[in-house]
Structure formats: structure tokens, C-alpha cells
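**Student:** what follows is a predicted protein model with its sequence.
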Amino acid sequence: MAIKKWVIPALLATALAASLAPQAQAHATPKRVVGYYTQWSGYDRNFLVSDLVKNGTAAKLTHLNYAFSFLDEQGKCVSSDPWADYQRPFTAEQSVSGKADEPGQPLAGNLNQLKQLKAKYPKLRVNISLGGWTGSKYFSNAALTPASRAAHVKSCLDMWIRGDLPGLPPGAAKGVFDGIDLDWEWPASEGNAGNVVRPEDKRNFTQLLTEYRKQLLGLTLRTGRSYDLTAFLPAAPAQVDRGFEVPKVFALLTFATIQGYDYHGSWDALTNQQSSIRTPAGDPTSPAYSSQVAIDHYLSKGAPRAKVVMGVPFYSRGWTGVRNENNGLFQPNAGPAPATYEAGYEDYRVLKGQLDKFTVHRDPKAGHAWLFDGTTFWTWDDPVEMKRKGRYAAERGLGGAMIWSLDGDTADGELITALRSGLS
């Protein structure tokens, strides 16, 4: 007997609600703490998955997003770094389990370390994040047609959820990931130079989520497991309005993480905050950016508070050659401050070691801080500001906080400890 077309959406909605129910219950309390671990953390920074155990971070996370998988020109999922993802061998000292990888084992690399991390922390949800700033070029192609959406989703689920990685035995990475995190930067708006952008991206993003839910539901019916579907969404209201059907998007997502940083940086002519909770008094820029501006916009568009997860940074943005007025805030400058890995961008743990060179300034009302030594200015999210941000998310009834990125914290995890304290 044929099923009438109007029955299918009802069946999908019923099954979707059932698949999401365990997650909603599991994360009602405490708040979600979502952290991005980047595949390149193990290179120059030498921050390994095992360091998440050593500094106490893993025990404080509810979700870990592994960044990033890229998309090819046809929109299908590919590994952006096979060596880091599933080929690199780890020594006993480097591994989560304390055992060295053996030659010829089915799975190595970060994915095997994440598998060991999940064995140690069975309540931790680990999701694969797709895209990112440099990996979103072909998202528009993936979302363009019903056929391209179906092919994209199948390729990503085959690779990351079913665990069928190139050159490895079928299912070698099965069980590593519990869901998909979409980091398309940005639908219908320009992100990184060269990205494919189309006006119809807004509608197609919703359709892409629908296809993900359809295929994830099929997996749930076969495996009995629930799968996360999350997305990283922009802070700028103009980008939100241009690229997202907010109520439909949030209905399809387990939750969404909202950009809570990069409001300003060394691309700006004036020094400014990069992650303020509220817009600081005297901010000369327009439009004004802050976490409250972003979150209020999503809520006004119909996003449910419990699914809104506020982003926080474990890094700083900085300028040098800054005019020595107003403690360096809102001042002209000579450009990005010198830094360890990228000019104008520095990990918190690195700056903390240089704190004796700077004076700390705070704006408790706006909820931001900065460092200034008379010529160099760094935004400053320390434990005081992290606890303030966590408290803000809790008091507003939001779904939790998201961290970019976990490699910026100290060896004793002082930032995530402060953030959790504020969320509690």
C-alpha cells in the first residue's frame, strides 16, 4: 500500500521527536559545554587529545566537536588532513589509553584517540564538524539540489558516522562520532574569499538540514542510537537574516552554537573588544556587535533559548602601534600584534605567560577586558570573564556555552573550570 505524501512529514516529525528526546533529557542539567578540538592542535601547539584528560577538560565537556572535514567541489565530505585524522601513530606517552599504537592497526590518528577518550568518558558526545572558515567553499554546491543534498549527506554519514575511511577496512572509524556539526560560513553571505555563494542558500540550508534529519533517522531506526545535528551560526544580524530561516533551522537542530567572538580584530582600524557580552559605552563602530546583540536577534526570530549555545573564545585578538589614550581602547594602530602562530591572534595560555608586561583593564558592565602596555593591545578573556560569560548564559536560560578552541587553555584548564563554574 502506498503511503500518502502528507503522511511522510508526520512520520518524520514523530520519529525525529523520539530521536531527540533522550538528548533533551540528558542535557537539561547541567548546561551544555561544547568544545572544538582542531585537527591541527597536535602540530605546532603539540596539544593532543590526551591533554584534554591531563588538564581536566574532558571531564567538564558534554560535547566535543572535531574540526574540520572539508567538502570537495561536488559537495561530498573529504578529510582535510588524513595524517592527523586517522594515520598518525601515537606513543604510549601521547595516547589517551597509555598504550602505543601498533603497526597495522585498523585506525590511528586523532580519531582513534577520540575513540579512547569516549571509552574513558562514556557520557561525552563527539561530533564531526564540517566546513569552517577555510572549508566552506563548496557548501552551496552541496545544498543546491535534492540530488546534491542526498549525495552530500550520504558521503558524510558513510565517512564519519559509518566510519568508512579511504584506504582503511570498512567501518574502521565506526563509533567515533555521535553526530554532525555544520559550520557553513556563511549561507548567502561571503565568508572566506572564493566561497561559492548563492541567494538561494538560505532556503537550501534548511533543506540540507532536512536531508540530514531524514538520513540520520534512517540510521537511528537501524541502530537504535540517537545522533546529534548541530550548527555553528553567525553573530551578525544581517548574516542571520540573509542566510537562515531561524525557526525552521532550530526545529531541525539538536542545538546551535552562536558565534561569540571575532566581533572585532586586527582587520579593524580601531582597537576594540572581540567578545563583549554587551556593547561597551563609547563604542564608535556601527553596527554594534556583542553576544547580547547576537543572542537577542536569534531569540526575536524564534530560536528557543534552550537550544541557543553561546560561543566564547580561549584566545585573544591584538593590535600594536596603538595610540596611548583611553587605555588603548577604541584607538588607531599600526596593525596586528606579533604573535606565536598568527599575527593578531594569540592563545590565552601564551598571553598569560606574558602578563607581567601588561595592565589588565575591565569593563564589568559590558562584560569584557583587555591588556595594554602603552603600545600593544590584546582582548582578554581570563577566568574572571569566562565565569561572567557562563553566568550570563545561565541567567538568561540559554542552552550552555561553546569554546573555540580547547588548545588555548592552560595546563590546569583554568578557563573551562571558570566557565563551568559560571554555568552551574
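**Tutor:** Great, that's in hand.

**Student:** how many neighbouring residues does residue 224 have?
**Tutor:** Neighbourhood size, residue 224 [other C-beta atoms under 10 Å]: 7. For glycine as for every other residue, the C-beta is placed from the backbone atoms N, C-alpha and C.

**Student:** next, work out how far apart it and residue 122 are.
**Tutor:** Using C-beta to C-beta, to the nearest Å, we find residue 224 at a distance of 16 Å from residue 122.

**Student:** ditto for residue 254
**Tutor:** 19 Å.

**Student:** then residue 367?
**Tutor:** Residue 367 sits 35 Å away from residue 122, going by C-beta to C-beta.

**Student:** more crowded one of the two?
**Tutor:** residue 367 (21 against 6).

**Student:** hey, which helix or strand in this protein has the poorest pLDDT?
**Tutor:** For the chain, counting by mean pLDDT, DSSP states H and E, helix 7-26 ranks last in confidence among helices and strands (a mean of 44).

**Student:** helices and strands around the helix or strand following that one, which ones?
**Tutor:** Sequence-wise, the next helix or strand downstream of helix 7-26 (DSSP states H and E) is strand 32-38. Packing contacts for strand 32-38, counted by 3 or more C-beta pairs under 8 Å, 6 or more residues apart in numbering; DSSP states H and E, involve strand 63-71, strand 400-404, helix 414-423.

**Student:** which one of those lies nearest to residue 261?
**Tutor:** Among these, strand 400-404 comes nearest to residue 261, with 6.6 Å by C-beta to C-beta.

**Student:** surely residue 424 is in contact with residue 393?
**Tutor:** No: using C-beta atoms under 8 Å, residue 424 makes no contact with residue 393, being 11.0 Å away.

**Student:** can I get the CA coordinates of stretch 44-58 in PDB?
**Tutor:** C-alpha atoms of stretch 44-58 as PDB (Å, rounded to 0.1, in the frame of the first residue of the first chain):
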ATOM      1  CA  ASP A  44      52.900  23.500  16.400                       C
ATOM      2  CA  ARG A  45      50.900  23.600  19.600                       C
ATOM      3  CA  ASN A  46      51.600  20.000  20.400                       C
ATOM      4  CA  PHE A  47      48.200  19.900  22.200                       C
ATOM      5  CA  LEU A  48      47.000  16.300  21.900                       C
ATOM      6  CA  VAL A  49      43.600  14.700  22.600                       C
ATOM      7  CA  SER A  50      45.300  13.200  25.700                       C
ATOM      8  CA  ASP A  51      45.900  16.700  27.000                       C
ATOM      9  CA  LEU A  52      42.100  17.100  27.400                       C
ATOM     10  CA  VAL A  53      42.400  14.400  30.100                       C
ATOM     11  CA  LYS A  54      45.600  15.800  31.700                       C
ATOM     12  CA  ASN A  55      44.200  19.400  32.100                       C
ATOM     13  CA  GLY A  56      40.800  18.200  33.300                       C
ATOM     14  CA  THR A  57      38.900  19.500  30.200                       C
ATOM     15  CA  ALA A  58      37.300  16.200  29.000                       C
END
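
**Student:** no more questions from me, cheers.
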